[in-house]
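Colleague: Curious how this folds, go ahead:
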Amino acid sequence: MAKCLIGNLVILIPVLTIAETLALIQKMQNTEKKNQHYIPKFYLRNFSYLNNQKQIGVYNTKNCKYIPTAKLKTQGSKKFFYGKDGVLEDHLSDLEGFLATSINTIVSSSKLPKKDNQNYAFLLGFISITDLRSPVFLNMMKQMSNSMNFELNKLDPNFKEYSDISKLNDETLIKMLLSMSSEVSNIISDLQAKLLINQTNTAFISSDFPIIKYNQLLEKKDSSSKTGYGVVGLQIIFPINDKLSVILFDNSVYKVGNKRDNHLIIKKEKDIDSLNLLQFVNCLTTIFFNEKTSEDYIIKLHQKSKKFKKANQGKSELGYVVKNGENPQEIMKRKENLIIMNSTDCEINLSIEKIKIHSKGKSMNTINSNQLRKHPANLRKSKKN
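Modeller: Numbers count the residues shown, from 1 in each chain. Presented below is the predicted three-dimensional model:
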């Protein structure tokens, strides 16, 4: 797999990986587990109605339907999402036991595990796996592949489809994406983590794509994707119940509350509203919540979210390979010879009290959007050598 998750999301797939994955699919043996979750049930239970573990509030953004007590076990799932052989489904079920322990420990203690604790590694695993196996991520990859083929056809009308992604079925692509989860966990391991504690009367909500990748530092820059896993200024935010959310952030850029604290208490409802709004912009079609969230509140947030561009929409565009010292006017006279693949970012002009770009971070406002943090840059360098 190409190192596509550091910086801009550029996808190349080696034949060997495809062959290995296809070989796995050959070992077909039908599984009885038809309802396969991309959002684990242990996570959804943290947002269940009256904490009954069986029902959950659901809002569909396509048909604007509000259901306060939907069946929890059927949410965040698709029929044979991981295939009919049951291999990946069983593997993920085993892994989710460890991931659940990490999340549930945070919920019960209202504390994050330390970085040298195994539960912290499982927390990173939860982030990477939940992100990579989402139908939103899958659709984004397909959109980028189709867009790339379109741009290549513009450059050469005789072009025939090149992208391997366009030839893969969903099951194969999901397995290939999940094979990168350990790499993603490693890339984001340098980020600082804090717990956001909600002390307002407004509950945190979640969605069918709860992992929010944001970048306040680069938000106003007119550039390609700003939320690659290795990019300077990355923030990752996701709720774990109605009162707690986790934020991972680049501490070379941001100050989140008191430096000595491993948590940030949020007392302003407008800040909770902003964090909840992210779920609408980031999701596929479904918002999740418990009995503390009213239909009126959900509808108001949905209407507000329509002012912003939907996140995670794959795209590509033609550009130029530029050498140092080249005259920009001369470059523009040439035919485009570069295809830039990326996706739309989650952007709502986010502003949260006590989450600030510190003085050192502000000095980075002229950096290139492709610039990597030190740890991901070292990872890339070591793999080149």
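Colleague: hey, let's count contacts and neighbours off CA atoms from now on
Modeller: Noted.
Colleague: Tell me where the model's unsure across the stretch 201-350 of the chain.
Modeller: Along the stretch 201-350 of the chain, the model assigns pLDDT under 70 to residues 222-225, 314-342.
Colleague: If we use 90, what do you get?
Modeller: 220-226, 228, 259, 311-345 (pLDDT under 90).
Colleague: Helices along that one, start to end?
Modeller: For the stretch 201-350 of the chain, the helices defined by DSSP state H, counting those that start in this stretch cover 269-282, 295-305, 328-333.
Colleague: Packed most tightly, which of those helices would that be?
Modeller: Ranked by mean neighbour count, those are led by helix 269-282 with a mean of 22 (mean count of other C-alpha atoms under 10 Å).
Colleague: tell me what the helix ranked longest in the chain is packed against?
Modeller: Across the chain, the longest stretch assigned as helix under DSSP state H is helix 87-109. Helices and strands touching helix 87-109, by 3 or more C-alpha pairs under 8 Å, 6 or more residues apart in numbering; DSSP states H and E, are helix 41-44, helix 118-132.
Colleague: okay, these in JSON lines with distance to residue 198 and mean pLDDT next?
Modeller: JSON lines is the format used below for the helices and strands packed on helix 87-109 (distance: least, C-alpha to C-alpha, whole Å; pLDDT from 0 to 100):
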{"stretch": "helix 41-44", "distance to residue 198": "18", "mean pLDDT": "96"}
{"stretch": "helix 118-132", "distance to residue 198": "20", "mean pLDDT": "93"}
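Colleague: Tell me which of those lies nearest to residue 264.
Modeller: Nearest of the helices and strands packed on helix 87-109 to residue 264, taken as C-alpha to C-alpha: helix 118-132 at 18.2 Å.
Colleague: circling back: can you redo the helices and strands packed on helix 87-109 as a markdown table with distance to residue 79 and mean neighbour count?
Modeller: Output for the helices and strands packed on helix 87-109, formatted as a markdown table (distance: least, C-alpha to C-alpha, whole Å; neighbours: other C-alpha atoms under 10 Å):
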| stretch | distance to residue 79 | mean neighbour count |
| --- | --- | --- |
| helix 41-44 | 15 | 20 |
| helix 118-132 | 17 | 21 |
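Colleague: Can I get those in TSV including distance to residue 211?
Modeller: Formatted as TSV, the helices and strands packed on helix 87-109 follow (distance: least, C-alpha to C-alpha, whole Å):
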stretch	distance to residue 211
helix 41-44	12
helix 118-132	6
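Colleague: among those, which is nearest residue 296?
Modeller: helix 41-44 (21.8 Å).
Colleague: Which neighbouring elements make contact with that closest one?
Modeller: Identification of packing neighbours for helix 41-44 by 3+ C-alpha pairs under 8 Å, 6+ apart yields helix 87-109.
Colleague: Next, the buried residues of the helix it packs on.
Modeller: Neighbour-count burial for helix 87-109 flags 87-89, 92, 96, 98-100, 102-104, 106-107 (criterion: 16 or more other C-alpha atoms under 10 Å).
Colleague: How about stretch 55-66?
Modeller: Of the residues in stretch 55-66, those buried under the neighbour-count criterion (16+ other C-alpha under 10 Å) are 55, 56, 57, 58, 59, 61, 66.
Colleague: and which of those residues is nearest residue 115?
Modeller: For the buried residues of stretch 55-66, the nearest to residue 115 is residue 56 (32.1 Å; C-alpha to C-alpha).
Colleague: how close does the closest residue to that closest one other than its chain neighbours get to residue 140?
Modeller: Spatial nearest neighbour of residue 56, chain neighbours left out: residue 48 (4.4 Å); criterion: C-alpha to C-alpha, 6 or more residues apart in numbering. Per C-alpha to C-alpha, to the nearest Å, residue 48 is found 29 Å from residue 140.
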